[in-house]
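# all I have is the shape, not the residue letters:
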């Protein structure tokens, strides 16, 4: 008998050490995953100096990251359209924050602070076979800290130029068999500078978020996890250029959004090779943006009662008679007798300007139930399979003129086989049926071959889709006017209908097909030591991606092109290197070179042909550290993005507490705006000081 | 005795008698034998030259019965040959397995020479002193052997945490090889283990555990291993049980190693009349939990590189 003794068995001890990390509990290692994966851990988050969640995505090769639309960040893997967030799935602890009604990811509203994040796993490439529709170009999985790993309380203050004023308090508690943590975070800044043309309004941001998680282990085999949180955002929004031609704003536009979520996971270990997970979550999102204007009289060009024409039934009828052509409608309206009569009625009303408020309102609710089973058949076969049911409900008077719903049913299975120790074969598929898009199947196949210890080659084929959202499928834009002066109380008489709607109406034909992507990838993953040079982790990816049936046209009230005509082809290479040359140093380099071919100009705005990043983190000793980062994207919408960051910090024990402070400086290396002309800062450098106390 | 690595991993043995490859379980990479050889080179007393006494040493085992004693007795017979005779009557030496048996043997009136096997650090300090006709083969393995394992499987590790308690097999200060920062955290009282793990794990690439019956016993395995895994910090050591539970790997002596260690000690005692000082067994194998190592993407690297690296290790 050659088994090693456990020393405890020589004596009377409580028994053998229980088996804790079982095959079913363990994750698939990166070298065997059928995708390129970037993992951003807490060390990288700290070293990056990021203040907001979206900023750390700059550490991912091929990721387009910028505040493209004032204070709204855009993050897109192999970016295409600058303002749309439709083609990548973002998960927070497995819960999709991809909003169902108006397919997008609102990075401002993700209710988690960077301090709450344990790590972020980014799957670069289509992953619908594992996550279903909308895991189109990639998946970002944000994993928050397990409360069992959090110790003590925390308070943090941050202040800097550009109106930066952030605060955070967090608490945690361990109890018998479990733990909980809760954090409240407040984030404010002034955004891009308001007084630099052409931006004539501010884009201040104020986000308050709450994130909580509790874990309870009623027994050795069961784990219950409760997630809950929410956010409240107040964003100054730029004026709508289409409306500015028809009236003058009387108040700033502010997007107000409130979001709540609650989720419950139950995980059971049936055996060392068999694990079941049942997850349920519900989330609700309410947001609206006010449009306060006094409308111009079409004849005089000044504000006046004639502005009411834009909300008259007769102009709507004329708009519809002109096939929805806004220019044609306005050019010929004066000749329409019905419009002329309505104009006369409005002028006879007393001469008070036509001023009111329209609301862009959106309300979304989702319920999601998933059962996932993990079974390690043998040394060489592992199956993860499950079923999912999801109910989405969208409500908007402005965008869909009511309520729309979508129910999807899903089945998925991913099989990992190791027929020979160096070879892993991954086969996966995701079948789903939803009320909008019908039935679809997304497959993926990959082979990973460890040619030498620590050196793995992979070949992957994947298909994925993005299903049209509720808005794309059922849009019926009707912008009602509210808060009119008292003299306009009788809308039926003065405007011809009640409620009175803006004359522009857009309706989706309801025939949009899912967007599709096909990806082929050859990759290399290496994790090794290079002699005296130290430890190296290297990932290389060559890819060809074809995207078709894209909804490339705009879908806003003034420009509505619901077609599947768009096509894009991406071809390129990416590299990601992490190098620890010595105990106290970490160097990280990323780069991507991407050819994007498309005939739709909008699909190229966020596609940087060359992008690169470098990050150096140096633990100086004595609790001090230094980090510096360089970011390059050439170009976003013809504007290169180039910036260097530097950070100095220190962590020290002080009277039973731990005090941490860090000073960060961001300095753009050119004078170009960010993606669009209006995105400029008054002062080039931005800086802030962060002070954190852990106790 | 149960198989501590059953269905979870593998145990590899270094060859000790020339090319006795049969002793090696199938290893995936050629480096495993090299690592095992180095583990041997790192250890203390070499196997005694069998030029010992003509008369066998009579030895009694305590406890006398039970699966552990029977397994060790079998290995002693195999490796001791005619150098040793197991008996219950008039024994020259008492071989006491574990702390309790060692303490009991030393407490017996008129006890003869006593050699403890697998004795914890605290008991060694307490019981083995001047005038004691005893010595002990300590429980656990030396730091250098565990570091060799860690550096082989995780050459990229730069900051390694070591948690020590009052009963740990190692004592601070600890020194690591060049290029490795050993961050030693003293856990006292043991109830501080959880908070200290939560505070320090984010700063470490790996966690190295010494043998410690109090700090790293069955009651804390879930805390240590799950907390570390959630933060993706691989755990190495302290022994075979922990590898079975979910630590990546550990150097660990098996019953053959203990039998050989006992024969080494007995040989020197017989030759000089003096016991060697208490020390670790000096012979180790490698325990690997393949599932956990795979989950962390840890591999045993090429043998040549390993050999060169370990040659300059302490």
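Noted; the coordinates are in hand. All values reported here derive from a predicted model rather than from experimental measurement.
# let me see the backbone angles for residue 108.
I went with chain A, as the question did not name one. Main-chain dihedrals, residue A:108, degrees, to the nearest 10: phi -60, psi -30.
# hmm, it is touching residue A:72, no?
Yes. Proximity of residue A:108 to residue A:72 meets the contact threshold set by CB atoms under 8 Å, at 6.8 Å. Where C-beta positions appear, they are placed from N, C-alpha and C, glycine not excepted.
# ok, the nearest residue to residue B:255 once chain neighbours are set aside - contacts?
Once flanking residues are discounted, residue B:255 sits nearest to residue B:75: 4.6 Å by CB to CB, 6 or more residues apart in numbering or on different chains. By CB atoms under 8 Å, 6 or more residues apart in numbering or on different chains, the contact list for residue B:75 reads A:1, B:255-256, B:258-259.
# okay, and the common contacts of residue A:108 and residue A:72?
Overlap between the neighbourhoods of residue A:108 and residue A:72 consists of residue A:235, taking contacts as CB under 8 Å, 6+ apart.
# circling back: list phi and psi for the residue nearest to residue B:255.
Phi and psi for residue B:75, reported as degrees, to the nearest 10, are phi -70, psi -30.
# gap between it and residue B:253?
11 Å (CB to CB, to the nearest Å).
# likewise residue A:586?
37 Å.
# just the buried residues of the lengthiest strand in chain A, please?
Using DSSP state E to define each element, chain A has its longest strand at strand A:355-378. For strand A:355-378, a neighbour-count test (16 or more other CB atoms under 10 Å in any protein chain shown) marks A:355-356, A:358-366, A:368, A:370, A:372-376 as buried.
# any idea which helix or strand carries the closest residue to residue A:491 other than its chain neighbours?
Leaving aside its chain neighbours, residue A:491 sits nearest to residue A:498 (4.0 Å; criterion: CB to CB, 6+ apart). If you go by DSSP states H and E, residue A:498 is not part of any helix or strand.
# next, residue A:498: phi, psi?
Per-residue torsions, residue A:498: phi -150, psi 120 (degrees, to the nearest 10).
# what's the local residue count around it?
Residue A:498: 14 surrounding residues under other CB atoms under 10 Å in any protein chain shown.
# what about the residue lying closest to residue A:250 once chain neighbours are set aside, which SS state?
Nearest residue to residue A:250, sequence neighbours excluded (CB to CB, 6+ apart): residue A:292, at 4.8 Å. Secondary structure state of residue A:292, per DSSP: H, G, I helix; E, B strand; the rest coil, is strand.
# also residue A:543?
With three-state DSSP as the basis, the three-state label of residue A:543 is strand.
# shouldn't it be in contact with residue A:592?
No. Contact criterion CB under 8 Å: residue A:543 and residue A:592 do not qualify, at 10.0 Å.
# comparing these two, which residue is more hemmed in?
residue A:592 (26 against 22).
# now the helices for the chain?
The chain I'm using is chain A. Under the criterion DSSP state H, chain A contains helices at A:42-48, A:128-131, A:241-244, A:313-321, A:326-332, A:337-347, A:470-474, A:491-495.
# switch to chain B, please.
Going by DSSP H, chain B shows helices at B:31-42, B:67-80, B:98-107, B:121-127, B:143-153, B:193-200, B:221-230, B:240-245, B:255-272, B:290-295, B:303-311.
# tell me what the residue nearest to residue A:250 is bridged to.
Counting by DSSP bridges, residue A:292 forms beta bridges with residue A:357.
# for residue A:611, give me the pLDDT.
Predicted confidence (pLDDT) for residue A:611: 95.
# which residues does it contact?
Residue A:611 is in contact with A:61-64, A:591-592, A:594, A:632-634, counting by CB under 8 Å, 6+ apart.
# change it to 6 Å
By CB atoms under 6 Å, 6 or more residues apart in numbering or on different chains, residue A:611 lies in contact with A:592, A:633.
# show the contacting residues for residue A:561.
residue A:553.
# where in chain A is the helix or strand with the lowest mean pLDDT?
In chain A, no helix or strand scores lower on mean pLDDT, DSSP states H and E than strand A:98-99, which sits at a mean of 81.
# list the neighbouring strands of it plus their orientation.
Take DSSP bridges as the rule and strand A:98-99 pairs in its sheet with strand A:104-105 (antiparallel).
# centre of the chain to the partner strand, how far?
On the basis of CA atoms, centre = their mean, to the nearest Å, the separation between the geometric centre of strand A:104-105 and that of its chain is 5 Å.
# same deal with stretch A:158-165?
24 Å.
# swap in stretch A:514-525?
That offset, for stretch A:514-525, works out to 20 Å (CA atoms, centre = their mean).
# same check on stretch A:217-226?
30 Å.
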